[in-house]
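Peer 1: dropping a prediction and its sequence here:
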Amino acid sequence: MRNLFLLVFCFIGSFTLAQVEQEIAPPYNIKTATFIQNNINAIPIFRLGDSFQFVFDDLYGDEANYYYTITHCDYNWTKSQLNLNEYLVGLDNQRIIDYENSFNTLQLYSHYRISFPNQFTKGFKVSGNYVLKIFNNSQELVFSRKFILYEDLVSVPMQVRSARDVRVLNQKHNLEFSILPNNMLLQNPIQNIKIMLLKNGIWNTAITNVKPMFTLGNDLIYKYDKETQFWAGNEFLFYENKDIRNAVNNVRYIELKGIYNTYLMPNSTRGNLEYTFFPDYNGNFLINNVAARENVDVEADYSWVFFTLSAPTYYGKKDIYVTGMFNNYALTPEYKMDYNKEKGVYEKAMIIKQGFTNYEYTLADSNGRVDFENALDGNFFQTENNYFCVVYYRANNDRFDRVIGKGMASSVDIIK
């Protein structure tokens, strides 16, 4: 019995250690959480050694104490074998001391910023997958975000091509790419190299565990017909309320009820329409206030934004969410649309910081699985997307997965 108990205990311990690190969505009061590099919102794939920041707002505006920790993960987002001092220079589990309160806004909030490096966390020693966790004063996990640090050791030329399957020729993008080791000696690259493909940097689009189709000398070649395909989607929708009192750029009208209420122009599904080109920000957003004098981060106000979507044929089938980089594409009840039977439309109101915001309507089942194939706004090969290839490598005696390169391609340059 004692041996059986020890066996069960070891099994449970191993299972716990092998649990996948998932992003935890923030509560209602935490808004506009984003990574920033060079003063713009960034997809969190950074070169090892480069500086970047992470910011968020707390709508309670009470200058609450928040703390952060950093976890190094392997390719599959499980905690790696490395100890803290093996991947960090300095310490984590530190209080966020860089914060300030909103100024001249109707919605009070506190704005927090973590810079990397900083006086406590002076740098990162290794590349790889990381999870940034934010805790409150009671050491309860509030939310978490993934990011990746990579090294420029291999070249990753990429090309977006049309799908070769005639049935999805006008709906999918196919990625072809190579991994060129340059002067790096790779041990058993077929087994030790792994890749992750992303569309617009969105984690839930990731394609993983694809092996090279063949090798050409030391180069690894990926030229698949199906394994590296993405549903192309459609251009993101947008609205702009940098002048929060004026109705322009897809804003129908505005009311002042405690804080500003921004009512957007109603949307309809675009899946059955012809593709229409208009530039988007690939899901990103820009905080802006034309009346700000010094610091838009704390002078931009929040507004209740009202979304309306006409999609009666989807009622009772799957859930519809309003998503974008502004909410990290979270499929949580806060962003799930409600169906108004009297009007025959889906509706949702959410509080968003003013500026320019890209958004889309996302179709998902009750388990949170996104239905890319039957996207509400359709899939069109003309859609402009940015695609990323992240290259992982673990040598025979290594204890963790390094990220040794990153490739990027745009479907603007698609080859038929």
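Peer 2: Received, thanks.
Peer 1: what helix or strand is Y224 located in?
Peer 2: Under the criterion DSSP states H and E, no helix or strand holds Y224.
Peer 1: which residue sits closest to it, ignoring its sequence neighbours?
Peer 2: Nearest residue to Y224, sequence neighbours excluded (CB to CB, 6 or more residues apart in numbering): M213, at 6.0 Å. (C-beta placed from N, C-alpha, C; glycine too.)
Peer 1: the one you found and N295, how far apart?
Peer 2: Distance, M213 to N295, using CB to CB, to the nearest Å: 51 Å.
Peer 1: do N397 as well
Peer 2: The value you get for N397 to N295, if CB to CB is used, is 49 Å.
Peer 1: the two: who's more crowded?
Peer 2: Shown here are N397 and N295; by other CB atoms under 10 Å, N295 has more neighbours (13 against 6).
Peer 1: now that one: closest residue in space, sequence neighbours ignored.
Peer 2: F103 (7.5 Å).
Peer 1: that neighbour falls within a strand, correct?
Peer 2: No. Going by DSSP: H, G, I helix; E, B strand; the rest coil, the assignment for F103 is coil, not a strand.
Peer 1: what's the local residue count around it?
Peer 2: 14.
Peer 1: in contact with it, which residues?
Peer 2: For F103, the contacting residues are 295, 298-299, by CB atoms under 8 Å, 6 or more residues apart in numbering.
Peer 1: closest to I134 among those residues?
Peer 2: Taking CB to CB as the measure, I134 lies nearest V298 of the contacts of F103, at 19.0 Å.
Peer 1: next SSE after the host helix or strand of that closest one?
Peer 2: Element membership of V298 [criterion: DSSP H and E] is helix 296-299. Using DSSP H and E, the next helix or strand after helix 296-299 towards the C-terminus is strand 302-310.
Peer 1: now what about that following strand, what contacts it?
Peer 2: Here strand 302-310 has contacts from 31, 59, 105-107, 109, 239, 241, 244, 257, 259-264, 266-269, 320, 322, 337, 344-354, 357, 359, 361, 376, using CB under 8 Å, 6+ apart.
Peer 1: okay, the residue nearest in space to the middle of the chain: pLDDT?
Peer 2: In the chain, the centroid-proximal residue (CA atoms, centre = their mean) is I202; its distance is 4.3 Å. The model reports I202 with a pLDDT of 97.
Peer 1: contact partners for it?
Peer 2: I202 touches 283, 329, counting by CB under 8 Å, 6+ apart.
Peer 1: where's it relative to N282, distance?
Peer 2: 10 Å.
Peer 1: gap between the residue nearest to the centre of the chain and I45?
Peer 2: Distance from I202 to I45, by CB to CB: 12 Å.
Peer 1: go on, K31?
Peer 2: From K31 to I45 the distance is 23 Å (CB to CB).
Peer 1: looking at this, D57 is in a strand?
Peer 2: Yes. Under three-state DSSP, D57 sits within a strand.
Peer 1: the stretch 101-250 of the chain: helices as residue ranges?
Peer 2: In the stretch 101-250 of the chain, the helices defined using DSSP state H, counting those that start in this stretch lie at 189-192.
Peer 1: in it, which spans are strands?
Peer 2: 110-116, 121-124, 128-135, 141-150, 158-162, 172-179, 193-199, 207-208, 214-216, 219-222, 229-231, 237-240 (DSSP state E, counting those that start in this stretch).
Peer 1: what does the third one rub up against?
Peer 2: Looking back up the chat, that one is strand 128-135. Here strand 128-135 has contacts from 21, 23-24, 26, 54, 56, 66-75, 77, 80, 87, 114, 124, 141-149, 392, 400-403, using CB under 8 Å, 6+ apart.
Peer 1: quick check on these: which are buried?
Peer 2: 21, 23, 26, 54, 56, 66-75, 77, 80, 87, 114, 124, 142-149, 392, 400-403 (16 or more other CB atoms under 10 Å).
Peer 1: P181 reaches T215, doesn't it?
Peer 2: No. With contact defined as CB atoms under 8 Å, P181 does not count as touching T215 (10.6 Å).
Peer 1: now list whatever residues contact both of the two.
Peer 2: Shared contacts of P181 and T215, counting by CB under 8 Å, 6+ apart, come down to P189.
Peer 1: tell me which of the two has more neighbours.
Peer 2: Taking other CB under 10 Å, P181 and T215 do not tie; P181 has more neighbours (19 against 13).
Peer 1: what's around the nearest residue to the more buried one once chain neighbours are set aside, how many residues?
Peer 2: Nearest non-adjacent residue to P181, counting by CB to CB, 6+ apart: N218, 5.0 Å away. Using other CB under 10 Å, N218 has 13 neighbouring residues.
Peer 1: need the pLDDT of N218.
Peer 2: The model's pLDDT for N218 equals 91.
Peer 1: also V166?
Peer 2: So, for V166, pLDDT stands at 89.
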